[in-house]
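Student: Here's my sequence, what's the structure:
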Amino acid sequence: MQYQSKPETQKRTLTLLSDLGLLSVSAIWGATFVTMKNLLANFHVAEILFGRFLVAALFTLLLFSKSKFELKSFQRGLLPGVFLFAGYFFQSWGLVFTTPARSGFITGLSVILVPFISWIILKSKPSLHVYLGVVLSTLGLFLILTPQELATNQSESWLRGDILTLLGASAYALQIVLVEKFASKANGLSMAFGEFSIVTVLSLSILSNTTTGSITTIFLAQPLAVIFLGIVATAMAFIVQKIAQKHTPSTHVALIFASEPVFAALFASLLWGEKFTPRTIAGCVLILGGILSCEMSRTFIHRFQSLQPSGQTQALQRKGDL
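Tutor: Numbering: from 1, shown residues only. Okay, the predicted model is just below:
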């Protein structure tokens, strides 16, 4: 019988724990679609984002007792933070009209858009897997955006929400590419603090110009939801992701993060009562296939072109990797 050495056993244990951590992050992000949908019934988009990112920024600020604050890294987070705000704003606005599951799968299309934006900004040409992902996702999006079996008024409402969500996915893709561009020269925590801060400021600027929101109401009315979104789903998810991706292969990361829209659909069904038609299910499956194709393509590119000294591949960038 062949026995594994202690270092090998520890490595496998770290990988398993990291995979479970990333799966938890993916599940948490999937759950946020239902949480946001419920909050949007009573609160302005900017009010929710202000509460979420103010809490995230304050929580991150507490961590600087163990990590040195770097001003330049903070500044490098500001531009990506603008697009992060746009992503969350359009996604949340779209969620007012569409369903949590549809929002989850359409938001996942940011993975498809990233390689093409990288081509423009970073001069990194997409692989054939990416084009396959585009074809699959486009077919899936067509099925989702044209729900012929629905009543006309409901279809129009969902279509409006889906288009806004697609704008949010495009903004997320820009944010991911900008993070990839700046992160190599930045301290992750300081850069994240910059992103959280600019989203908070931009949300407050919009909130101050509305008559339907308040900077305090959501904290008093929904404190647990704000804590969940700000600390658990944003700040802590970022920390867990950063740590876990150092101990697990990128192939694992790609497959785990592709589960986010699946978790969104699961929670939408269990907690929100969302119903799925055969056409919608087929569209979601095609989009998931497109996401997996692009994720695995980026994984293999990082494996062959961006090997780390430890032998691990470079961490994949996601909308949560702030």
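Student: If you count contacts, what does the longest helix that the chain contains end up packed against?
Tutor: Ranked by residue count and defined by DSSP state H, the top helix of the chain is helix 6-40. If contacts are counted by 3 or more CB pairs under 8 Å, 6 or more residues apart in numbering; DSSP states H and E, helix 6-40 sits against helix 45-62, helix 78-95, helix 100-107, helix 223-227, helix 237-244, helix 250-257, helix 260-271. From N, CA and C alone the C-beta is placed, and that goes for glycine too.
Student: redo that, cut-off 7 Å
Tutor: helix 45-62, helix 78-95, helix 100-107, helix 237-244, helix 250-257, helix 260-271 (3 or more CB pairs under 7 Å, 6 or more residues apart in numbering; DSSP states H and E).
Student: Rebuild the ones you listed as TSV, extending it with distance to Leu224.
Tutor: Below are these laid out as TSV (distance: least, CB to CB, whole Å):
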stretch	distance to Leu224
helix 45-62	12
helix 78-95	19
helix 100-107	19
helix 237-244	17
helix 250-257	26
helix 260-271	15
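Student: and those helices, which one's lowest on average pLDDT?
Tutor: Note on these: helix 250-257 shows the lowest mean pLDDT, a mean of 74.
Student: Rounded mean pLDDT for whichever strand or helix holds Leu288, please.
Tutor: In this structure, Leu288 sits in helix 278-305 according to DSSP states H and E. Average pLDDT, helix 278-305: 76.
Student: Also stretch 170-177?
Tutor: 91.
Student: which one of the helices and strands packed on helix 6-40 lies closest to Ser26?
Tutor: helix 260-271 (4.7 Å; CB to CB).
Student: What are the buried residues along that closest one?
Tutor: 260-268 (16 or more other CB atoms under 10 Å).
Student: got CSV for those, with distance to Thr15 too?
Tutor: Shown next, in CSV, are these (distance: CB to CB, whole Å):
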residue, distance to Thr15
Glu260, 20
Pro261, 24
Val262, 22
Phe263, 21
Ala264, 26
Ala265, 27
Leu266, 25
Phe267, 27
Ala268, 30
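Student: From the residues you listed, pick the one nearest Ile287.
Tutor: Pro261 (7.3 Å).
Student: for the closest one, what are its contacts?
Tutor: 104-105, 108, 288 (CB atoms under 7 Å, 6 or more residues apart in numbering).
Student: Widest-spaced pair of those?
Tutor: Largest pairwise distance in those, by CB to CB, is 10.3 Å, between Gly104 and Leu288.
Student: Thanks a lot, catch you later.
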